[in-house]
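A.B. asks: no FASTA, just this:
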């Protein structure tokens, strides 16, 4: 049945306002990035876009950020998710303290965190390694509030106790229960949590800048200081890249298969 | 212990703070037998079942299955098949994958072809062969519990444990499925422990029914014996309906409603007692020389239930075949008498 005209007009006006709110800045970015910025340019130009690949450090920085995101993802899958499941299944009394602990990074400003841990990281960078692994460790702490919330909501929505007990009576050991039964069951929560985490990793500036890591966002800021058009072009490109990533989210069926790790 | 005893629960105790969930429970189950544990909420029946499954640690006691002590064996090594009250199918697996799950694990590892054949056979047994590729959310509650039953049976369990598997289902599906559970259990000869708070369910399918109270077994017997010859007032009152009618006890019988009936062992032996009379032990006929008046009559199909106020003010409920109750409606004057069936008599007050 068709909705009355009033409702449809109201609905479309809301969609248009929200759409404009989101799209106008993107259009403005595109407009700015195609404006002439050299003496030889006239009218529209795609020179800012064309010289993106030749920017020093940019490709390396993108690579570094992606590797960091990858490591953070693995930490989520193999450390945070099993821990959250374990706490929900076996240590219900620890749920509140654990939740509070996970929310702490949200309450402490990033700059305070980084000032506190900078000496340690400087030491690690000098004496051990400068690889993104160390940066991933800080990020995995920063993402806790978002990841844990979404995992906790997913775990609360399913009767994981009964599922775990059913699997155990059928002969499953603890790792199989966690990786083979509970994780596929809460895959939507895991995927949501992971996306928020990746978005945060790809956009975080303060910590990587202060710790002297040349990540994607640090390099964009650097380019912005010398050439605004290119910086805006790169930013828009990165937004489109993330959009493509989001559209490429595995389908429901495939997610289940991917996460159903066979451990025995 | 009889020679055919297969499962033994010996002096089980489990305390949750001050609550005694199990307090010295001892129970023997013969091979191939279906025993139902019946009792009110909090009587410890589920704790007993979970202890046997290995999902509940005990404070005291011993569990023996097939001659082996399994008290300290972990749940994933006990080989018990369990069907839970809550829907417990793995939501990311199809019905067939759920049934095959146990057979893929180390404990019951089965080769691919045999596994497929076994899951097909079991889904057929529970009447769901056409739903093998459905996911749990595509199945109704009853179908989900059937798959759960097939999954539990797939590993050829030593004991099948059923933890109120029908309580989330509607009445019709419940009756159907409980009969099916019994058919399958008899067909496969699986030793089964069935926990329920629904007495009709327990009485209709079990070989023996154990009534539990405060973590102990009050009485365990065949359904008809439990109903007709309760050993304690708790069993008499919990299983089926009873009319408490006081009377004078002497020499193994009680005088009530103008007649004398024998008392069951365990009853009060002298003085005033309260007989617990089943509604179907009362005979009701319409007559002018009445001793009671019908306050309300409910038609139940094959039978009819009459709420009667006796002349002395006692209220009793009688149940008789609808044919015999024809013409007896609310307000009718009736004569209530007792059929010659022994009754349990508890102490007055």
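C.D. replies: Happy to help now that I have it. Model, not experiment: these values are computed from the prediction. Residues are numbered from 1 along each chain as shown, chains lettered A, B, ... in the order given.

A.B. asks: Show the average pLDDT along stretch B:195-212.
C.D. replies: Per-region confidence: stretch B:195-212 scores 93 on mean pLDDT.

A.B. asks: Please tell me how far that stretch is from the chain's geometric centre.
C.D. replies: When C-alpha coordinates are averaged (C-alpha atoms, centre = their mean, to the nearest Å), stretch B:195-212 and its chain have centres 1 Å apart.

A.B. asks: can you check stretch B:181-201 too?
C.D. replies: 9 Å.

A.B. asks: Please give the element, helix or strand, for residue B:296.
C.D. replies: Here residue B:296 sits within strand B:292-299, counting by DSSP states H and E.

A.B. asks: following that strand, which helix or strand shows up next?
C.D. replies: Downstream of strand B:292-299 (by DSSP H and E), the next one is strand B:303-310.

A.B. asks: That next one: partners in the sheet, and parallel or antiparallel?
C.D. replies: strand B:292-299 (antiparallel), strand B:315-321 (antiparallel) (DSSP bridges).

A.B. asks: Ramachandran coordinates for residue B:331?
C.D. replies: Here is the backbone geometry of residue B:331 (degrees, to the nearest 10): phi 90, psi -10.

A.B. asks: Check the strands paired with strand B:303-310 for me and report the most buried one.
C.D. replies: strand B:315-321 (a mean of 18; mean count of other C-beta atoms under 10 Å in any protein chain shown). All C-beta atoms are positioned from the backbone trio N, CA, C, and that covers glycine.

A.B. asks: What are the buried residues along the very next helix or strand once past that strand?
C.D. replies: Remark: after strand B:315-321, the chain's next helix or strand is strand B:333-338, criterion DSSP H and E. Buried residues in strand B:333-338, counting neighbours by 16 or more other C-beta atoms under 10 Å in any protein chain shown, are found at B:334, B:335, B:336, B:338.

A.B. asks: got it, and stretch B:178-187?
C.D. replies: B:178, B:180, B:181, B:182, B:184, B:185.

A.B. asks: all strands of the stretch 51-200 of chain B, in order?
C.D. replies: Assigned by DSSP state E, counting those that start in this stretch, the strands in the stretch 51-200 of chain B fall at B:60-65, B:68-69, B:80-83, B:159-163, B:191-196.

A.B. asks: Out of those strands, flag the one nearest residue B:95.
C.D. replies: With C-beta to C-beta as the measure, strand B:80-83 is the member of the strands of the stretch 51-200 of chain B nearest residue B:95 (14.4 Å).

A.B. asks: if I look at residue B:282, how far off is residue B:228?
C.D. replies: Distance, residue B:282 to residue B:228, by C-beta to C-beta, to the nearest Å: 15 Å.

A.B. asks: Counting neighbours, go ahead and name the busier of those two.
C.D. replies: Using other C-beta atoms under 10 Å in any protein chain shown, the more surrounded residue of residue B:282 and residue B:228 is residue B:282, with 21 against 16.

A.B. asks: Excluding covalently adjacent residues, which one is nearest to the more buried one?
C.D. replies: Excluding its sequence neighbours, the residue lying closest to residue B:282 (C-beta to C-beta, 6 or more residues apart in numbering or on different chains) is residue B:318, at 4.0 Å.

A.B. asks: can you give me the end-to-end distance of stretch B:47-60?
C.D. replies: 13 Å (C-alpha to C-alpha, to the nearest Å).

A.B. asks: wait, I meant stretch A:216-235
C.D. replies: Span of stretch A:216-235 from end to end, C-alpha to C-alpha: 10 Å.

A.B. asks: Please apply the same query to stretch B:183-194.
C.D. replies: 14 Å.

A.B. asks: Three-state assignment for residue B:346, please.
C.D. replies: At residue B:346, secondary structure determined by DSSP: H, G, I helix; E, B strand; the rest coil is strand.

A.B. asks: Which helix or which strand is home to the residue nearest in space to the middle of chain A?
C.D. replies: The structure's chain A has its C-alpha centroid closest to residue A:198; by C-alpha atoms, centre = their mean the separation is 1.5 Å. Per DSSP H and E, residue A:198 falls inside helix A:187-203.

A.B. asks: what residues does that helix touch?
C.D. replies: A:65, A:68-69, A:72-73, A:76-77, A:81, A:139, A:142-143, A:146-151, A:153-155, A:157, A:183, A:216-217, A:238, A:242, A:245-246, A:249, A:255-256, A:259, B:92 (C-beta atoms under 8 Å, 6 or more residues apart in numbering or on different chains).

A.B. asks: Mind doing that once more with 7 Å?
C.D. replies: By C-beta atoms under 7 Å, 6 or more residues apart in numbering or on different chains, the list of residues contacting helix A:187-203 from outside reads A:65, A:68-69, A:72-73, A:76, A:81, A:139, A:142-143, A:146-147, A:150-151, A:153-154, A:183, A:216-217, A:242, A:249, A:255-256, A:259.

A.B. asks: what separates that helix from the chain centre, distance-wise?
C.D. replies: Distance of helix A:187-203 from its chain centroid, counting by C-alpha atoms, centre = their mean, is 4 Å.

A.B. asks: Can you mark which positions in that helix are buried?
C.D. replies: A:187, A:189-202.

A.B. asks: Within range of chain B, give me the residues from the stretch 151-264 of chain A.
C.D. replies: A:159, A:162-163, A:165-166, A:168-173, A:181, A:184-185, A:256, A:260, A:264 (C-beta under 7 Å from any C-beta of the partner chain).

A.B. asks: Go again with 6 Å.
C.D. replies: Neighbours of chain B within the stretch 151-264 of chain A, by C-beta under 6 Å from any C-beta of the partner chain: A:159, A:162, A:165-166, A:168-173, A:181, A:184-185, A:256, A:264.

A.B. asks: Tell me which two in these are the farthest apart.
C.D. replies: A:159 and A:264 (24.0 Å).

A.B. asks: roughly how far apart are the residue most central in space within chain B and chain A?
C.D. replies: For chain B, the residue sitting closest to the mean C-alpha position, by C-alpha atoms, centre = their mean, is residue B:202 at 2.4 Å. Using C-beta to the nearest C-beta, to the nearest Å, residue B:202 is found at 22 Å from chain A.

A.B. asks: so who does that residue touch?
C.D. replies: B:36, B:38, B:196, B:209 (C-beta atoms under 6 Å, 6 or more residues apart in numbering or on different chains).

A.B. asks: The last one belongs to a strand?
C.D. replies: Yes: in this structure, residue B:209 lies within a strand as judged by three-state DSSP.

A.B. asks: Report pLDDT for residue B:174.
C.D. replies: Confidence for residue B:174, expressed as pLDDT, is 88.

A.B. asks: From chain A, how far off is the nearest residue to it once chain neighbours are set aside?
C.D. replies: Distances taken as C-beta to C-beta, 6+ apart place residue B:166 nearest to residue B:174, at 4.6 Å, with adjacent residues excluded. In this view, residue B:166 and chain A are 16 Å apart by C-beta to the nearest C-beta.

A.B. asks: What of residue B:188?
C.D. replies: From residue B:188 to chain A the distance is 17 Å (C-beta to the nearest C-beta).

A.B. asks: okay, now that residue: neighbour count?
C.D. replies: 15.

A.B. asks: who does the helix or strand containing residue B:26 touch, helix- and strand-wise?
C.D. replies: Assigned by DSSP H and E, residue B:26 belongs to strand B:19-30. Secondary-structure packing of strand B:19-30 (3 or more C-beta pairs under 6 Å, 6 or more residues apart in numbering or on different chains; DSSP states H and E): strand B:5-16, helix B:45-53, strand B:216-221.

A.B. asks: tell me the most buried of those?
C.D. replies: Ranked by mean neighbours (mean count of other C-beta under 10 Å), the helices and strands packed on strand B:19-30 are led by helix B:45-53, with a mean of 24.

A.B. asks: tell me which strands and helices that helix is in contact with?
C.D. replies: strand B:19-30, strand B:159-163, strand B:191-196.

A.B. asks: do that again at 8 Å, thanks
C.D. replies: strand B:5-16, strand B:19-30, strand B:34-38, strand B:60-65, strand B:80-83, strand B:159-163, strand B:191-196 (3 or more C-beta pairs under 8 Å, 6 or more residues apart in numbering or on different chains; DSSP states H and E).
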